[in-house]
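Student: Here is my input, please return the structure:
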Amino acid sequence: MQYNHQEIEKNWQKYWAENQTFKASNSSDLPKYYVLDMFPYPSGAGLHVGHPLGYIASDIYARYKRHKGFNVLHPQGYDSFGLPAEQYAIQTGQHPAKTTEANIKTYRRQLDQIGFSFDWSREVRTSNPEYYKWTQWIFIQLFNSWYNKDKDKAEDIATLISVFEKEGNATVNAVCDDEVISFTAEDWSGFTTIQKEEILLQYRLTFLSDTEVNWCPALGTVLANDEIVNGVSERGGHPVVRKKMTQWSMRISAYAQRLLDGLNTIDWPQPLKDSQTNWIGRSQGAMVSFKVDGFDAKIDVFTTRPDTIFGVSFMTLAPEHELVSQIVTDEQKDKVNAYIEATAKRSERDRMADVKTISGAFTGAYAIHPFSGEKVQIWVGDYVLASYGTGAVMAVPCGDQRDYDFAKHFDIPIPNIFEGVDISEAAHADKEGTVIANSDFLSRLKYKKALKLAIYEMEKRGFGYGKINYRLRDAVFSRQRYWGEPFPVYYKEGMPQMIDVKHLPVVLPEVEKYLPTEDGKPPLGNADVWAWNSETNKVVSNDLIDNETVFPIELNTMPGWAGSSYYFNRYMDPQNDTEIASKENLDYWQNIDLYIGGSEHATGHLLYARFWQKFLFDKGVFPVDEFAKKLINQGMILGTSAFVYREEGTNRFFSKGLIEGKSVQPIHSDVSLVNASDELDIEGFKNHPLNVDFKNAEFILENEVYKVGREVEKMSKSKFNVVNPDDIVAEYGADALRLFEMFLGPLEQTKPWKTSGISGVSSFLKKLWKLYFNGEQFEVSEEKATKDELKTLHKTIKKVEEDIENFSFNTSVSTFMIAVNELTALKCNKREILEPLLVLLSPYAPHITEELWSLLGNNESISTAPFPVFEPKNLLETAKNYPISFNGKMRFTLELPLDLSKEEIEKTVMEHEKTQAQLQGRTPKKVIVVPGKIVNIVG
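Tutor: The predicted structure is shown next:
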């Protein structure tokens, strides 16, 4: 009977689906284990072989945990809102929902054929109204909450209103906007409804504000920092500019310290923790106010080095700072405006990363030094960001290299405030051991004492105070897109009102065009039926807007990270239409035990999800405040690209071995047109639909073939190096693909794909199959296993269990190969060995093991079988194969029990016929015996 992977895999995938083999129970006496992959965005391209790497690893672990007696939750779904589907809709007019549905079908087919043990009964899609109902619900909870710093948690906005009604806001210790007015209870009662709503917006955890955003004109939307690469949009490579817009924002900054502290409680990769720590950016220092000369204005700055305040020789404002337009002089206005316009074309990330370019413009205005009273110049510079701190810095060029370079470039004075330090070539940034000089009352003090005294004097004189600051900015939550979650918000007299939760979801309306409107409104501005009737509580025609009972609905949609910030909790109870998840289910599953996904989400999804988890924990919705106990970042599988070499200025292509000394342009070739010997299918290349310019090209061959060049790169369609898993599964089978991806190397590492390498894994599976057959006949013996067979089995159990627990899946595959080779050599066909061997292998190769398990007479899926138990006794050596030497030269070996004494070993060896033959009647001078090692006969 031949191993037919196509038939076997198809049959068992059908069996799992029909029997819902991997459906998890929400109530079980078994311990729970929740394994999750970051759910995919269903792109039109489908999966390539790099995508399943993390899925295979998590599936191995999920199957292993089932074998170990756990109730395993291993769901899957789709992050199905996204810009690519919207861009396709703009180009073709096809609704994004249709595109997304078609893409999901492709993904589902590909995922199923690889044999994942997903519980598909829990599938979620972020673009389904029954799902985003809960995204909208969370938004409303955030809107109706504020952050109480005294209790260090979020509370209902009603508790804040109660305080305002009783005593105003003098005693309120909240995370809120900077410019909040003080008022009494009497003031509050006298405010109009709109005034009260405006004040509350300054405290709410989601709020409207005029925010500097990354605006992409080509995409017609705001982009998050992590959606911009090298100053252009990640999607499409379009220019991005900075501009002010009224946006919804999330007050994630309220959770900055808790997000930092929580990192100590979770088992996540240290580099990822470091990324989040740096992104949050906690620093301790002081807030200082500098008055602007000739203006009723002040510049607030945060500094971590208040001890260096006497070294301030100029101030720098971010180009977007609101004071710039107020204080710039007429003489400097044109220069400053031109500089601001140029800066708007650069992203914040670009500006932060570019440490070499020195640019700026003098405003013509001066600030007054708060201690010395001296005037200091006020400049505009793009190395200062409006979104970080106050958007202004006090420049101390003698102590900061960027300030130093700026001062040198623009010939600004650099006073030296450090004792015995030469600053003629560079700034002095060292703190420890530094003694302050030329600084009035701070002179001759070391760093720490000067720091404390400077803050004390600032507070005493009323122009500064000690403060802990965070780099983390509040997250912009609006996108000018169609294909995203609609906000459950309508506007009454210009103020946002929440649609009651009992009327959710607010469903995305139909539009004719997916582009922004001609007057610059987001795509939802094209909707004809997008107004809220507050009496009927229904969406109605825009023609009915009267601003009395019918009001306009928010035109922006939510960002891509909204739906992915809680989906892992929704999997716990995905069909519940009255709660995000029941308390019972949330209490049972708690959080993710193992989460696998890419490190590129460190400061996006993974940070926002932790924020929402902590917020909903504060609100009593979730039982824990971290959503994932353990996280593993899988590495990337790289593609092996193929290159052809076109001679510059001609349409001639030279084979790889002929290009030396020639001026050639490397051009990607589709890897499917290249064989294992790196030989190009020339006609296939010429006829490729993207190579019309090369149809009549001339190919210069070497040894009658055209050899391509090879290079390992990221696998992507643009590099023509994508390998489709469909092709691999068709030729070699899903089990071979699963084993090969694990065999490539450690899970966390980046490694290149080479299809030719899979043949070794394929051969291994065929060899495994043969262990269970005698020719064409399935034949497994009921005989007792031998000592050597048990030894092979149990060393395999020990190694595989250790490897899985340590996520060292690549070494497990090697162990399986060694075991099968040893059992083949032993001609082992014993059930006592071959049955547990299948259970060991089943997490890695589930189809072939299910088939053989069934042939062994088992009626239940192998996934329910207990994991074999390692028995150390089977690895204990009871005998030793001694080398028997004569005068130091080994002549033969002799197996003897390990428990023999030295005298018994000597007696047995001396009586052996081979010893007698070597000695030929002679009496040796001595016999050296080292028990457990050697026997040497001398003389």
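Student: is Val550 in a bridge, and if so with what?
Tutor: Asn533 (DSSP bridges).
Student: scratch that, Glu713 is what I was asking about
Tutor: Gly639.
Student: That one is in contact with Thr750, isn't it?
Tutor: No: using Cβ atoms under 8 Å, Glu713 is not in contact with Thr750, being 11.2 Å away. To be clear about C-beta, it is placed using only N, CA and C from the backbone, and glycine gets the same treatment.
Student: shared neighbours, the two?
Tutor: Residues touching both Glu713 and Thr750 (Cβ atoms under 8 Å, 6 or more residues apart in numbering): Leu638.
Student: Who are the contact partners of the residue nearest to Lys521 when sequence neighbours are not counted?
Tutor: In space, and not counting its chain neighbours, Lys521 is closest to Leu555: 5.6 Å by Cβ to Cβ, 6 or more residues apart in numbering. Counting by Cβ under 8 Å, 6+ apart, Leu555 touches 521-522, 524-525, 530.
Student: How about the contacts made by Val529?
Tutor: Val529 neighbours (Cβ under 8 Å, 6+ apart): 509-510, 539-542.
Student: Buried only: go through these for me.
Tutor: With neighbours counted using 16 or more other Cβ atoms under 10 Å, the contacts of Val529 contain these buried positions: 509, 539-540.
Student: Make JSON lines out of the residues you listed and add pLDDT, secondary structure and distance to Arg204.
Tutor: Shown next, in JSON lines, are the buried ones among the contacts of Val529 (pLDDT from 0 to 100; DSSP: H, G, I helix; E, B strand; the rest coil; distance: Cβ to Cβ, whole Å):
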{"residue": "Pro509", "pLDDT": "97", "secondary structure": "coil", "distance to Arg204": "26"}
{"residue": "Val539", "pLDDT": "98", "secondary structure": "strand", "distance to Arg204": "24"}
{"residue": "Val540", "pLDDT": "97", "secondary structure": "strand", "distance to Arg204": "27"}
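Student: Can you tell me which of the residues you listed lies closest to Val671?
Tutor: Minimum distance to Val671 across the buried ones among the contacts of Val529 is 43.9 Å, recorded for Pro509 (Cβ to Cβ).
Student: Wasn't Asp330 part of a strand?
Tutor: No: read with DSSP: H, G, I helix; E, B strand; the rest coil, Asp330 is coil and lies in no strand.
Student: Determine the number of other residues adjacent to it.
Tutor: 7 (other Cβ atoms under 10 Å).
Student: mind checking how far it is from Ala365?
Tutor: 11 Å (Cβ to Cβ, to the nearest Å).
Student: re the thing from before, and the contacts of Val529, which two are the farthest apart?
Tutor: Taking Cβ to Cβ, no two of these sit farther apart than Glu510 and Val540, at 14.1 Å.
Student: Do a quick rundown of the helices in the stretch 801-939 of the chain.
Tutor: 809-825, 831-841, 846-855, 902-911, 913-919 (DSSP state H, counting those that start in this stretch).
Student: I'd guessed Glu212 sits against Arg242; true?
Tutor: Yes: Glu212 lies in contact with Arg242 (Cβ under 8 Å); the separation is 5.6 Å.
Student: What is the neighbour count of Thr303?
Tutor: 22.
Student: and the most centrally placed residue in the chain, what does it touch?
Tutor: Central residue of the chain (Cα atoms, centre = their mean): His601, 2.8 Å from the mean position. Taking Cβ under 8 Å, 6+ apart, we find His601 in contact with Met38.
Student: where does this protein dip in pLDDT?
Tutor: The chain contains residues with pLDDT under 70 at 226.
Student: What strand or helix carries Val213?
Tutor: Secondary structure assigned from DSSP states H and E places Val213 in strand 206-216.
Student: hmm, who's touching that strand?
Tutor: Counting by Cβ under 8 Å, 6+ apart, residues outside strand 206-216 touching it are 139, 142-143, 177, 201, 221-225, 227-228, 233, 238-251, 320, 347-348, 386-387, 476-477, 496.
Student: Kindly recompute the last result at 7 Å.
Tutor: 139, 142-143, 201, 222-223, 225, 228, 233, 238, 240-251, 320, 347, 386-387, 476-477, 496 (Cβ atoms under 7 Å, 6 or more residues apart in numbering).
Student: Now the buried members of those residues.
Tutor: Among the contacts of strand 206-216, those buried by neighbour count (16+ other Cβ under 10 Å) are 139, 142-143, 201, 222-223, 225, 228, 233, 240-242, 247-251, 320, 347, 386-387, 476-477, 496.
Student: Which of those residues fall in helices?
Tutor: 139, 142-143, 201 (DSSP state H).
Student: Include distance to Leu504 when you put the residues you listed into CSV, please.
Tutor: Formatted as CSV, these follow (distance: Cβ to Cβ, whole Å):
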residue, distance to Leu504
Phe139, 10
Leu142, 14
Phe143, 13
Leu201, 22
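Student: Could you chop this protein up by domain?
Tutor: 32-128+560-633, 282-470, 504-555, 638-713, 754-874, 877-938 (automatic domain parsing).
Student: so can I have TSV of the ones you listed showing distance to Ala736?
Tutor: Listed next are those as TSV, based on distance: least, Cβ to Cβ, whole Å:
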stretch	distance to Ala736
domain 32-128+560-633	11
domain 282-470	42
domain 504-555	43
domain 638-713	17
domain 754-874	5
domain 877-938	36
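Student: Now do the buried residues in stretch 930-939.
Tutor: 931, 935-937.
Student: what helix or strand does the residue nearest to Lys521 sit in?
Tutor: Going by DSSP H and E, Leu555 is not part of any helix or strand.
Student: picking that back up, for Lys196, which of the domains of the chain is the nearest?
Tutor: The nearest among these, by Cβ to Cβ, is domain 504-555 at 18.6 Å.
Student: how long is the closest one from one end to the other?
Tutor: One end of domain 504-555 to the other measures 17 Å (Cα to Cα, to the nearest Å).
Student: what's Pro623 in contact with, if anything?
Tutor: Here Pro623 is in contact with 586-587, 590 (criterion: Cβ under 7 Å, 6+ apart).
Student: quick one: which of those has the most company?
Tutor: Leu586 (20 neighbours).
Student: wait, what's in contact with the closest residue to Arg282 other than its chain neighbours?
Tutor: Of all residues not flanking Arg282 in the chain, Tyr470 sits nearest, at 5.6 Å (Cβ to Cβ, 6+ apart). Applying Cβ under 7 Å, 6+ apart, we find Tyr470 in contact with 253, 256, 280-282.
Student: Gly236 and Glu903, how far apart?
Tutor: 85 Å.
Student: out of the two, which sits in the more crowded spot?
Tutor: Higher neighbour count among Gly236 and Glu903: Gly236, with 12 against 9, using other Cβ under 10 Å.
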